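> This is the structure alone, sequence omitted:
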DNA sequence: CTGTTAGCGCTTTCAG
DNA sequence: CTGAAAGCGCTAACAG
């Protein structure tokens, strides 16, 4: 069914070299033969065999993007922007989900290498040196985001530490004197790459340490709700729960509602990411907002520029700001 | 950097044919030479060139999936399941987003054809005959979902018409005597493939027609909220708004809250899809629930079976049921 | 301006 | 058991 350049050559009574010159309009061919070849190609609905082309050209116009999963809406928004930019620049993208499984992540990346993707956008779950040298060995351009590696891999995200510092400062401003930082990913410390959770955590610790009157706790548990329950009973000052991402804040909010604990009257609540779904939540959630579409677009841009051997900054940090909602209140 | 079978052949003093026999453990090779070749391959970290392999084998172990977008969570859930099943069966997947753009959809599908994907899972935005014959011409296995074509393309989804009939029956049971069906996608009638919206619409009309006491309206507008506002003022009987998907129901709920119209006291509200995020919504939304993970998994399964030339049913319908939430109430 | 040749990396058939 | 040769479909360098 599929017509090849060889067939066109035979039909036109020329050789494949000539057909190639016409098809890829390169110089050195008589206008008449070119026209004829183009007409025949058109009629037969000729389409070049992409794999064969890739094999000889050495590139595939394909990008891979590795995410943990796509349940957290922040990543589907990011993907959408990434895909759109990739398309505009002529690339198609493989989306693979590692489910935070380190083995699976390596398997997938290997598979992407085998398929000769031109570049990979990576949200890494692995973090050791072995992994990094594995990535380096392939010489495939890689840009990381949302979690950092320490080899020479460009990174794009936000300044997480600063964002949490800003959040703490904001809550302090509103009169909160006791903060609970909730970040279940921290429990995977030593097991997985938790660069970003760690950054946020440090931001929290440092910011709190600088405010003399501030008391604080950290919850880094799978069973964070039960821990929260016991904790909440012991606190008497004005207290807020700062979550490392909106999805946890939503879980907490749901739980608080079930317990008839009023937000923000009895306890303040703050998330992180400003995912689109927040617009349907009451009370509206105070959160850290940043332009994830911009990240997705720039991620693709950086990757493609690396593919084209252009210089790209090793670190690109997008702006963020605290977005005030009804889930916290002043005095 | 990348080691080829040719290099291994030279190093082992054999020919590439022999190397191939070892690597793909085929019969007709001396155990010793096999061992040696395997050892050398291992040491050099040999990995077969996937594109070259595909070129000669005639398959790519690649699936394409075409979605409108990934903002509606129902589709990210579906993708997750699809991807997981594909991986288990040895496939990697291209995710492309048509944004409901018919031109773009064709471009993308052409691109997937060019790349010789083994099969495509398609949520079609196009619907005319030209499009279908275009799809057929390529002879690439295609399975559709979420919107139907009428060529011989297997289809998997739910029985949408029945689901809306069930919803209407349910609402009637609860004592509602006036229903507003809200389905903005209907406005694209004649412009795009709206098979599923149409099915749901017909379910609504037919079900209402069978209930003598029932009055009803349909909103199929982009500016559905303003239309809703004027409509609501004219209604005196117990009324519910039935939305063609949860995302519209959430928009409506948000708007009603802003207008201080209480759900379900003043008006009932019902969605469709039961997306995961609903668990964070108050009042909890009455909706139509179905197992979208099952759809994603079966979609991949059907597609792969078609690729393997197995017979697959032309239509696979997953169960659904009305899930009662607090957004509707009896008498 | 066009044909010939070699090659991308792998598989497969046919001899030996 | 192994080598030689052809081919997947396309590109590119070199002659003519």
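Sure thing, it's come through. The structure displayed is predicted, hence computed values, not measured ones. Numbering: from 1, shown residues only, chains lettered A, B, ... in the order given.

> how many neighbours does residue A:114 have?
Using other C-beta atoms under 10 Å in any protein chain shown, residue A:114 has 16 neighbouring residues. For every residue, glycine as well, the C-beta is placed using N, CA and C.

> Residue A:269: neighbouring residues, count only.
26.

> okay, it: pLDDT?
The predicted structure scores residue A:269 at 98 on the pLDDT scale.

> That one: which element?
Assignment of secondary structure by DSSP states H and E places residue A:269 within strand A:268-270.

> any bit of that strand sitting next to chain B?
No - Strand A:268-270 is not in contact with chain B by C-beta under 8 Å from any C-beta of the partner chain; minimum separation 12.5 Å.

> Which of the three states applies to residue A:168?
Following DSSP: H, G, I helix; E, B strand; the rest coil, we place residue A:168 in the helix state.

> Next one: the residue lying closest to it once chain neighbours are set aside from residue A:161, what distance?
Nearest residue to residue A:168, sequence neighbours excluded (C-beta to C-beta, 6 or more residues apart in numbering or on different chains): residue A:207, at 3.7 Å. Using C-beta to C-beta, to the nearest Å, one gets 9 Å for the distance from residue A:207 to residue A:161.

> What is the burial count for residue A:128?
11.

> any weak-confidence spans in the stretch 151-300 of chain A?
Applying pLDDT under 70 to the stretch 151-300 of chain A flags no residue at all.

> now the helices for it?
A:160-173, A:195-209, A:224-233, A:246-258, A:292-307 (DSSP state H, counting those that start in this stretch).

> For the third one, which helices and strands make contact with it?
Think helix A:224-233. Here helix A:224-233 touches strand A:178-182, strand A:215-219, helix A:246-258, going by 3 or more C-beta pairs under 8 Å, 6 or more residues apart in numbering or on different chains; DSSP states H and E.

> Buried residues in it, which are they?
A:224, A:225, A:227, A:228, A:231, A:232 (16 or more other C-beta atoms under 10 Å in any protein chain shown).

> Now whichever residue of the stretch 151-300 of chain A sits closest to DNA strand D: closest residue in space, sequence neighbours ignored.
Taking C-beta to the nearest atom of the strand, DNA strand D has its nearest neighbour within the stretch 151-300 of chain A at residue A:300, 24.6 Å off. Nearest residue to residue A:300 in three dimensions, chain neighbours excluded: residue A:85, at 3.7 Å (C-beta to C-beta, 6+ apart).

> Test my guess that that neighbour contacts residue A:297.
Yes - using C-beta atoms under 8 Å, residue A:85 makes contact with residue A:297 at a distance of 4.6 Å.

> can I see the domain layout of chain A?
A:5-48, A:60-157+A:292-318, A:160-290 (automatic domain parsing).

> Which among these is found nearest to DNA strand C?
Evaluated over those, closeness to DNA strand C peaks at domain A:5-48, with 3.1 Å, by C-beta to the nearest atom of the strand.

> how about the residues of the stretch 101-250 of chain A near chain B?
Residues of the stretch 101-250 of chain A lying near chain B (C-beta under 8 Å from any C-beta): A:108, A:110, A:111, A:112, A:113, A:114, A:115, A:116, A:137, A:138, A:139, A:250.

> Kindly recompute the last result at 10 Å.
A:104, A:107-108, A:110-117, A:134, A:137-139, A:246-247, A:249-250 (C-beta under 10 Å from any C-beta of the partner chain).

> isn't the residue of the stretch 151-300 of chain A closest to DNA strand D right next to residue A:64, touching?
No - proximity of residue A:300 to residue A:64 does not meet the contact threshold set by C-beta atoms under 10 Å, at 11.8 Å.

> what sits in contact with each of these two?
Contact with both residue A:300 and residue A:64 is made by residues A:93, A:119, A:121, according to C-beta atoms under 10 Å, 6 or more residues apart in numbering or on different chains.

> Mind checking which of these are in strands?
Members of those lying in strands (criterion: DSSP state E): A:93, A:119, A:121.

> Burial check on the closest residue to residue A:267 other than its chain neighbours, number of neighbours?
In this structure, residue A:267 finds its nearest non-sequential neighbour in residue A:239, 5.5 Å apart by C-beta to C-beta, 6+ apart. Neighbours of residue A:239 under the rule other C-beta under 10 Å: 20.

> and residue A:239, what does it touch?
A:171, A:176-180, A:215-217, A:231-232, A:266-268.

> Same check on residue A:49?
A:2, A:4, A:5, A:55, B:55, B:114, B:115, B:116.

> now swap in residue A:190 and tell me
residue A:127.

> sorry, back to before: please pick the buried ones from the contacts of residue A:239.
Buried, going by 16+ other C-beta under 10 Å: A:171, A:176, A:177, A:178, A:179, A:180, A:216, A:217, A:231, A:232, A:267, A:268, out of the contacts of residue A:239.

> closest to residue B:285 out of the domains of chain A?
domain A:160-290 (10.0 Å; C-beta to C-beta).

> No further questions, thank you.
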